[in-house]
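K.L.:
Just a sequence and a predicted model for now, questions to come.
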Amino acid sequence: MEPMSTTSRGPEQALTRADGSPIRVLAVDDESSLTELLSMALRYEGWEVSTAGSGSEAVRVAKEIEPDVVVLDMMLPDFDGLEVMRRIRQTAPLTPVIFLTAKDALTDRVSGLTAGGDDYVTKPFSLEELVARLRGLLRRSGASAAHENSVLTVGDLRLDEDSHEVSRAGEEIHLTATEFELLRYLMRNPRRVLSKAQILDRVWNYDFGGQSNVVELYISYLRKKIDADRPPMIQTMRGAGYMLKPA
(Lines give C-alpha, C1' and ligand atoms only; values in the text may rest on other atoms or scores of the structure.)
Protein backbone atom coordinates (compact mmCIF):
# COMPACT_ATOMS: atom_id res chain seq x y z
CA MET A 1 0.00 0.00 0.00
CA GLU A 2 1.31 3.45 -0.89
CA PRO A 3 1.82 5.77 2.09
CA MET A 4 -0.77 8.36 3.00
CA SER A 5 -0.20 11.79 4.46
CA THR A 6 -1.29 12.18 8.07
CA THR A 7 -1.08 15.92 8.73
CA SER A 8 -1.56 16.67 12.41
CA ARG A 9 -4.43 18.97 13.39
CA GLY A 10 -6.82 19.65 16.22
CA PRO A 11 -10.36 18.27 16.17
CA GLU A 12 -13.07 20.40 14.55
CA GLN A 13 -16.57 20.84 15.89
CA ALA A 14 -17.98 17.35 16.36
CA LEU A 15 -20.53 16.05 13.91
CA THR A 16 -23.23 13.75 15.24
CA ARG A 17 -26.39 12.06 14.07
CA ALA A 18 -29.65 13.98 14.47
CA ASP A 19 -30.30 12.23 17.79
CA GLY A 20 -26.87 13.20 19.13
CA SER A 21 -25.32 9.74 18.77
CA PRO A 22 -21.98 9.28 16.95
CA ILE A 23 -21.76 9.26 13.17
CA ARG A 24 -21.53 5.70 11.81
CA VAL A 25 -18.98 5.09 9.08
CA LEU A 26 -18.46 1.89 7.10
CA ALA A 27 -14.93 1.66 5.61
CA VAL A 28 -14.53 -1.01 2.93
CA ASP A 29 -11.14 -2.09 1.56
CA ASP A 30 -9.37 -5.42 1.26
CA GLU A 31 -6.15 -3.91 2.66
CA SER A 32 -6.49 -4.23 6.43
CA SER A 33 -3.63 -1.80 7.05
CA LEU A 34 -5.58 0.90 5.19
CA THR A 35 -8.84 0.31 7.04
CA GLU A 36 -6.92 0.39 10.34
CA LEU A 37 -5.51 3.82 9.47
CA LEU A 38 -8.95 5.02 8.39
CA SER A 39 -10.50 3.74 11.59
CA MET A 40 -7.94 5.54 13.70
CA ALA A 41 -8.46 8.85 11.88
CA LEU A 42 -12.25 8.65 11.88
CA ARG A 43 -12.51 7.62 15.53
CA TYR A 44 -10.43 10.71 16.31
CA GLU A 45 -13.45 12.63 14.95
CA GLY A 46 -15.64 10.88 17.51
CA TRP A 47 -17.28 8.65 14.93
CA GLU A 48 -18.08 4.94 15.15
CA VAL A 49 -16.23 2.98 12.47
CA SER A 50 -17.00 -0.49 11.14
CA THR A 51 -14.84 -2.14 8.50
CA ALA A 52 -15.20 -4.78 5.80
CA GLY A 53 -12.66 -6.45 3.53
CA SER A 54 -14.98 -7.72 0.80
CA GLY A 55 -18.15 -6.74 -0.98
CA SER A 56 -20.31 -9.41 0.60
CA GLU A 57 -19.07 -8.50 4.09
CA ALA A 58 -19.72 -4.81 3.38
CA VAL A 59 -23.34 -5.48 2.41
CA ARG A 60 -23.88 -7.59 5.53
CA VAL A 61 -22.32 -5.00 7.87
CA ALA A 62 -24.26 -2.15 6.23
CA LYS A 63 -27.54 -3.92 7.03
CA GLU A 64 -26.46 -4.38 10.64
CA ILE A 65 -25.21 -0.86 11.43
CA GLU A 66 -27.13 1.35 8.93
CA PRO A 67 -24.11 3.62 8.26
CA ASP A 68 -24.40 7.38 7.76
CA VAL A 69 -21.69 7.24 5.10
CA VAL A 70 -19.66 4.56 3.31
CA VAL A 71 -16.00 4.80 2.27
CA LEU A 72 -15.80 2.22 -0.49
CA ASP A 73 -12.88 0.86 -2.50
CA MET A 74 -13.73 0.30 -6.16
CA MET A 75 -11.71 -2.93 -6.39
CA LEU A 76 -12.67 -5.74 -4.01
CA PRO A 77 -11.91 -9.48 -4.10
CA ASP A 78 -15.47 -10.70 -4.77
CA PHE A 79 -17.37 -7.92 -6.54
CA ASP A 80 -16.64 -4.27 -7.24
CA GLY A 81 -17.62 -1.16 -5.35
CA LEU A 82 -20.42 -0.26 -7.77
CA GLU A 83 -22.18 -3.54 -7.00
CA VAL A 84 -21.67 -2.98 -3.26
CA MET A 85 -23.26 0.45 -3.53
CA ARG A 86 -26.15 -0.93 -5.56
CA ARG A 87 -26.89 -3.63 -2.96
CA ILE A 88 -26.57 -1.26 0.01
CA ARG A 89 -28.91 1.24 -1.61
CA GLN A 90 -31.56 -1.39 -2.21
CA THR A 91 -32.47 -1.01 1.45
CA ALA A 92 -30.93 2.42 2.20
CA PRO A 93 -31.26 4.44 -1.04
CA LEU A 94 -29.93 7.73 0.36
CA THR A 95 -26.71 6.40 1.93
CA PRO A 96 -23.83 8.69 0.84
CA VAL A 97 -20.85 6.89 -0.74
CA ILE A 98 -17.31 8.12 -1.29
CA PHE A 99 -15.22 5.90 -3.55
CA LEU A 100 -11.52 5.07 -3.24
CA THR A 101 -9.99 4.67 -6.70
CA ALA A 102 -6.60 3.97 -8.23
CA LYS A 103 -4.49 7.02 -9.01
CA ASP A 104 -4.96 6.87 -12.77
CA ALA A 105 -8.29 5.03 -12.97
CA LEU A 106 -10.36 7.80 -14.58
CA THR A 107 -12.87 5.21 -15.78
CA ASP A 108 -13.49 4.13 -12.18
CA ARG A 109 -14.09 7.71 -11.08
CA VAL A 110 -16.49 8.48 -13.91
CA SER A 111 -18.29 5.15 -13.41
CA GLY A 112 -18.65 5.80 -9.69
CA LEU A 113 -20.15 9.26 -10.12
CA THR A 114 -22.35 8.19 -13.02
CA ALA A 115 -23.72 5.30 -10.93
CA GLY A 116 -24.67 7.70 -8.14
CA GLY A 117 -21.58 7.93 -5.94
CA ASP A 118 -21.30 11.23 -4.11
CA ASP A 119 -17.53 11.74 -4.24
CA TYR A 120 -14.19 9.99 -4.70
CA VAL A 121 -10.56 10.23 -3.61
CA THR A 122 -7.60 8.68 -5.39
CA LYS A 123 -4.95 6.52 -3.77
CA PRO A 124 -2.61 7.48 -2.24
CA PHE A 125 -4.55 10.14 -0.36
CA SER A 126 -4.13 12.18 2.80
CA LEU A 127 -6.27 11.16 5.75
CA GLU A 128 -6.89 14.85 6.42
CA GLU A 129 -8.33 15.33 2.93
CA LEU A 130 -10.56 12.26 3.24
CA VAL A 131 -11.89 13.42 6.62
CA ALA A 132 -12.61 16.86 5.16
CA ARG A 133 -14.48 15.28 2.24
CA LEU A 134 -16.48 13.10 4.63
CA ARG A 135 -17.37 16.06 6.84
CA GLY A 136 -18.62 17.97 3.81
CA LEU A 137 -20.60 14.99 2.58
CA LEU A 138 -22.15 14.40 6.01
CA ARG A 139 -23.15 18.04 6.29
CA ARG A 140 -24.84 17.79 2.89
CA SER A 141 -26.65 14.71 4.22
CA GLY A 142 -27.92 16.70 7.21
CA ALA A 143 -25.73 15.16 9.93
CA SER A 144 -25.66 17.41 12.98
CA ALA A 145 -26.20 20.47 10.82
CA ALA A 146 -28.51 22.59 12.93
CA HIS A 147 -30.34 24.90 10.55
CA GLU A 148 -33.49 26.96 10.75
CA ASN A 149 -36.82 25.33 10.05
CA SER A 150 -37.09 26.27 6.40
CA VAL A 151 -39.00 25.26 3.32
CA LEU A 152 -37.78 26.60 -0.03
CA THR A 153 -40.30 27.07 -2.83
CA VAL A 154 -39.68 28.04 -6.44
CA GLY A 155 -42.75 27.76 -8.66
CA ASP A 156 -44.24 24.32 -8.05
CA LEU A 157 -40.93 22.97 -6.70
CA ARG A 158 -40.71 22.52 -2.91
CA LEU A 159 -37.68 21.56 -0.76
CA ASP A 160 -37.83 20.99 3.00
CA GLU A 161 -34.40 21.61 4.52
CA ASP A 162 -35.30 19.80 7.75
CA SER A 163 -36.84 16.60 6.42
CA HIS A 164 -34.90 16.63 3.10
CA GLU A 165 -38.19 16.02 1.28
CA VAL A 166 -38.45 17.36 -2.26
CA SER A 167 -41.53 17.51 -4.44
CA ARG A 168 -42.72 19.11 -7.63
CA ALA A 169 -46.43 19.74 -8.20
CA GLY A 170 -47.02 17.53 -5.16
CA GLU A 171 -45.09 14.57 -6.60
CA GLU A 172 -42.28 13.32 -4.35
CA ILE A 173 -38.75 13.34 -5.79
CA HIS A 174 -35.91 11.26 -4.33
CA LEU A 175 -32.44 12.84 -4.44
CA THR A 176 -29.00 11.75 -3.29
CA ALA A 177 -27.22 13.91 -0.69
CA THR A 178 -25.20 15.78 -3.33
CA GLU A 179 -28.18 16.25 -5.64
CA PHE A 180 -30.13 17.68 -2.70
CA GLU A 181 -27.39 20.17 -1.82
CA LEU A 182 -27.06 21.25 -5.45
CA LEU A 183 -30.80 21.80 -5.75
CA ARG A 184 -30.86 23.66 -2.42
CA TYR A 185 -28.16 26.03 -3.70
CA LEU A 186 -30.09 26.64 -6.92
CA MET A 187 -33.33 27.21 -5.01
CA ARG A 188 -31.68 29.65 -2.60
CA ASN A 189 -30.67 31.68 -5.66
CA PRO A 190 -33.69 31.62 -8.00
CA ARG A 191 -33.39 33.55 -11.28
CA ARG A 192 -29.67 34.07 -10.59
CA VAL A 193 -26.99 32.73 -12.93
CA LEU A 194 -24.54 30.56 -10.99
CA SER A 195 -21.19 29.69 -12.56
CA LYS A 196 -19.66 26.23 -12.42
CA ALA A 197 -16.92 27.62 -10.17
CA GLN A 198 -19.51 29.01 -7.73
CA ILE A 199 -21.38 25.72 -7.67
CA LEU A 200 -18.18 23.70 -7.10
CA ASP A 201 -17.15 25.97 -4.25
CA ARG A 202 -20.57 25.94 -2.56
CA VAL A 203 -21.72 22.35 -3.12
CA TRP A 204 -18.45 20.42 -2.96
CA ASN A 205 -16.64 22.74 -0.52
CA TYR A 206 -13.16 22.02 -1.85
CA ASP A 207 -11.00 22.35 -4.94
CA PHE A 208 -12.16 19.67 -7.37
CA GLY A 209 -9.01 20.04 -9.43
CA GLY A 210 -10.76 22.10 -12.08
CA GLN A 211 -12.99 19.18 -13.08
CA SER A 212 -16.08 21.29 -13.64
CA ASN A 213 -17.63 18.48 -15.68
CA VAL A 214 -18.86 17.05 -12.37
CA VAL A 215 -21.24 20.04 -12.24
CA GLU A 216 -22.59 19.19 -15.70
CA LEU A 217 -23.00 15.58 -14.58
CA TYR A 218 -25.05 16.46 -11.50
CA ILE A 219 -27.08 19.09 -13.32
CA SER A 220 -28.06 16.33 -15.77
CA TYR A 221 -29.04 14.07 -12.84
CA LEU A 222 -31.24 16.84 -11.40
CA ARG A 223 -32.87 17.54 -14.74
CA LYS A 224 -33.86 13.90 -15.11
CA LYS A 225 -35.57 14.02 -11.71
CA ILE A 226 -36.85 17.60 -11.52
CA ASP A 227 -37.70 18.39 -15.16
CA ALA A 228 -38.57 14.93 -16.48
CA ASP A 229 -41.84 15.12 -18.46
CA ARG A 230 -42.44 18.62 -17.05
CA PRO A 231 -41.76 22.20 -18.23
CA PRO A 232 -38.02 22.72 -17.55
CA MET A 233 -36.89 24.81 -14.59
CA ILE A 234 -33.09 24.34 -14.76
CA GLN A 235 -31.75 26.62 -17.49
CA THR A 236 -28.28 26.52 -19.07
CA MET A 237 -26.89 29.99 -19.70
CA ARG A 238 -24.22 29.33 -22.32
CA GLY A 239 -20.77 30.47 -21.24
CA ALA A 240 -22.10 31.68 -17.90
CA GLY A 241 -23.55 28.82 -15.84
CA TYR A 242 -26.98 27.62 -14.70
CA MET A 243 -30.15 29.23 -13.39
CA LEU A 244 -33.29 27.90 -11.73
CA LYS A 245 -36.55 29.69 -12.40
CA PRO A 246 -40.26 28.82 -12.33
CA ALA A 247 -41.44 27.05 -15.46
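P.N.:
Sure thing, it's come through. Residues are numbered from 1 along each chain as shown.
K.L.:
C-alpha from now on. contacts and neighbour counts both.
P.N.:
Noted.
K.L.:
Which SSE is immediately downstream of the lowest-mean-pLDDT helix or strand in the chain?
P.N.:
In the chain, no helix or strand scores lower on mean pLDDT, DSSP states H and E than helix 106-114, which sits at a mean of 63. For helix 106-114, the following helix or strand on the C-terminal side (DSSP states H and E) is strand 119-122.
K.L.:
Quick check: neighbours of that next one in the sheet, parallel or antiparallel?
P.N.:
Here strand 119-122 is paired, per DSSP bridges, with strand 97-101 (parallel).
K.L.:
residues in contact with the strand it pairs with?
P.N.:
The contact list for strand 97-101 (C-alpha atoms under 8 Å, 6 or more residues apart in numbering) reads 69-75, 81, 85, 108-109, 112, 117-123, 134.
K.L.:
Also stretch 81-88?
P.N.:
55-56, 58-59, 62-63, 72-75, 95, 97, 99, 112, 115.
K.L.:
Are any of those buried, and if so which?
P.N.:
55-56, 58-59, 62, 72-75, 95, 97, 99, 112 (16 or more other C-alpha atoms under 10 Å).
K.L.:
re earlier: just the contacts of stretch 81-88: which are in strands?
P.N.:
If you go by DSSP state E, the contacts of stretch 81-88 have 72-73, 97, 99 in strands.
K.L.:
Pick out the most distant pair among those residues.
P.N.:
Using C-alpha to C-alpha, the pair of these lying farthest apart is 73 and 97, separated by 10.2 Å.
K.L.:
any idea how the chain splits into domains?
P.N.:
24-141, 151-244 (the TED database).
K.L.:
How far does the last one sit from its chain's centre?
P.N.:
To tie it back to what came earlier, the one meant is domain 151-244. Here domain 151-244 is found 14 Å from its chain centre; the criterion is C-alpha atoms, centre = their mean, to the nearest Å.
K.L.:
Now distance to residue 193 too, for the ones in strands among the contacts of stretch 81-88, in TSV please.
P.N.:
What follows is the ones in strands among the contacts of stretch 81-88, written out as TSV (distance: C-alpha to C-alpha, whole Å):
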residue	distance to residue 193
72	35
73	36
97	29
99	31
